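>>> when you get a sec, could you give me coordinates for this:
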Amino acid sequence: MAQERVTRGVELESVVINSSRFINPAGINIYGLVTDIEIFEQMDLPYITGQIAFVDTERLLDRIMFDGGESLTITMKQSNNDNTITKTFFIDSMIATAKINETSELITLHFMEDIAFISRFLNVNRSYSGSPDSIIKKISNEYLKKDIDLINEDVFENKMKVIVPNLEPIAAMSWIKNRMTTSEGMPFYLFSSFIGTRLNLVDLKSMINAPPVNPRSPFMHGVNNLYTENEQGAFRYYPIMNYSHVDTDNLYDLVGNGLVGATYSYYDSNSGKFSKQKFNINSTLVNVNDDKNKKVNLPVDLEIRDDLDPISINSARKIYQLSQSGVYDDGTGRFKSYDEEAFQTSHMQKVKNRSLKHTLLKDNISIRISGSGFLQGGYHRTVGNVIRLGFKANRPSDQDIAFDLKKSGDYIIYSCKHSIRSEKYDLHLQCAKLTSYKDDKFLRNAG
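Here you go, the predicted model:
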């Protein structure tokens with residue numbers, strides 16, 4: 001029976017390094033030598049990365065001769081059920097080695113998900129036609145043998161023909177994904193997860209309006225009696241161990257890049273048509289939210305001078321772009337090229353796409369919580385999911401508003417670091433928020 005190490009609800013069952021160079025096809029199980037494992041998920045990456053540290057007391061560094069390309073298979077499960085998670089990675093580099101004493105050495109390796117490593121050795125240079133999601137699925141199935149879950153079939157660019165210009169499969173899929181929006185201009189994200197074997201292709205609006213994974217047990221900061229149980233015996237609140245604000249995209253840069261208020265002019269070199277359209281980020285953001293109990297955060301209503309319009313209305317940039325229609329015109333109008341649109345006004349879909357991606361990162365918060373419970377079941381609860389967070393207001397004596405409504409609310413988990421050590425299992429989450437609740441009843445009624 002395989003050894004098991006219990007880490008706050010997580011059982012690490014085996015960690016196997018293997019290579020075609022090894023005599024033993026079963027590989028080498030270094031489970032008992034591992035001190036730390038960190039696994040990184042991100043909404044903008046279609047693969048997982050990570051690093052592992054282990055104490056070498058068996059001269060593995062001499063025997064294996066790590067030169068990149070060794071496989072690393074990690075198997076673990078939640079301690080209160082029999083669901084097993086097995087993920088295969090490839091070691092791509094050695095981060096560091098440090099001598100502990102005369103007989104042991106600490107080795108730290110970097111690894112990436114198998115599809116990312118395999119993708120580097122493949123090349124896509126051929127024509128595809130159809131909707132962007134169908135093209136992404138074809139590339140993934142043909143080159144990476146990976147299925148994709150499409151959450152929302154409302155894809156605006158439904159007739160496309162492209163020649164992938166000498167890209168590896170993952171880069172080709174990301175290239176197509178960047179051109180993909182819903183009919184409302186919402187961007188799509190292509191990402192992998194620690195749980196599950198499929199890639200996820202999800203639009204921003206579907207994520208924002210999805211129910212949180214913890215509606216009745218929010219993660220809280222600054223509240224006493226966090227572990228008070230509700231009537232069903234579950235905890236009412238769970239603690240946020242620490243948090244910090246992350247301002248990835250500031251307003252100054254967003255304005256400078258024409259993603260707040262701007263005038264876009266497009267010239268079609270084939271038809272000779274010229275169009276001019278104004279972009280206002282607020283008109284895009286109001287379409288994000290479907291929940292009447294929430295309001296969309298509009299951080300760009302700023303008025304900087306009496307004689308100027310609010311910055312979302314004021315055209316701070318005039319941007320000129322060249323487009324070309326008719327590249328694949330056979331008289332039937334079946335397909336458009338990568339940058340082509342059937343109507344000049346449809347070019348604004350590309351602007352909305354870029355603007356929303358950057359605006360999502362405007363109001364970020366990083367938190368550290370216990371990872372216990374996040375590996376339950378057959379679906380992932382981290383990247384791309386919504387998590388409910390609560391922060392006690394600075395004036396706890398105010399009975400009208402007990403929680404800080406600016407910080408508290410439902411956040412999209414943008415990135416996640418699984419930190420697995422012998423004594424604990426923590427999650428470090430970067431969370432993004434585009435909407436806020438109008439009052440704090442959603443937290444007062446928890447449990």
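
>>> so what's I52 bridging to?
Beta bridges link I52 to I37, L109, judged by DSSP bridges.

>>> which residues touch it?
Residues near I52 by C-beta atoms under 8 Å, 6 or more residues apart in numbering: 15, 34, 36-38, 72, 108-109, 111. Glycine gets a C-beta too; all of them are placed from N, C-alpha and C.

>>> put the buried members of the residues you listed into a PyMOL selection.
The following PyMOL line selects those of the contacts of I52 that are buried, judged by 16 or more other C-beta atoms under 10 Å:
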select buried, resi 15+34+37+38+72+108+109+111
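
>>> for the stretch 251-400 of the chain, which segments count as strands?
Applying DSSP state E, counting those that start in this stretch to the stretch 251-400 of the chain gives strands spanning 261-268, 274-280, 294-296, 317-323, 364-370, 386-391.

>>> among those strands, which is the most enclosed?
strand 386-391 (a mean of 23; mean count of other C-beta atoms under 10 Å).

>>> show me what that strand is packed against.
Counting contacts by 3 or more C-beta pairs under 8 Å, 6 or more residues apart in numbering; DSSP states H and E, strand 386-391 packs against strand 219-221, strand 409-421, strand 425-432, helix 441-444.

>>> in its sheet, what does it sit against?
Strands adjacent to strand 386-391 in the sheet, as given by DSSP bridges, are strand 219-221 (parallel), strand 409-421 (antiparallel).

>>> and which of the contacts of I52 is nearest to P187?
For the contacts of I52, the residue nearest P187 by C-beta to C-beta is E38; the value is 27.9 Å.

>>> could you report the pLDDT at the closest one?
E38 carries a pLDDT value of 97.

>>> try Q232
You'll see Q232 listed with a pLDDT of 52.

>>> next: the one 5 residues further on.
The per-residue pLDDT reported for Y237 equals 79.

>>> what about it, how many neighbours?
23 (other C-beta atoms under 10 Å).

>>> hmm, it is touching N214, no?
No - here Y237 lies out of contact with N214, judged by C-beta atoms under 8 Å, at a distance of 9.8 Å.

>>> mind jotting down where the helices sit in the stretch 51-200 of the chain?
Remark: helices assigned in the stretch 51-200 of the chain by DSSP state H, counting those that start in this stretch are 60-64, 114-119, 132-139, 169-177.

>>> now the ones you listed as a markdown table including mean neighbour count?
Below are the helices of the stretch 51-200 of the chain laid out as a markdown table (neighbours: other C-beta atoms under 10 Å):
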| stretch | mean neighbour count |
| --- | --- |
| helix 60-64 | 13 |
| helix 114-119 | 20 |
| helix 132-139 | 21 |
| helix 169-177 | 22 |
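
>>> low-confidence ranges in the stretch 1-150 of the chain?
Scanning the stretch 1-150 of the chain for pLDDT under 70 picks out the ranges 1-9, 79-80.

>>> circling back: for the contacts of I52, which one is nearest K292?
Each of the contacts of I52 was scored against K292 by C-beta to C-beta, and E38 proved nearest at 40.2 Å.
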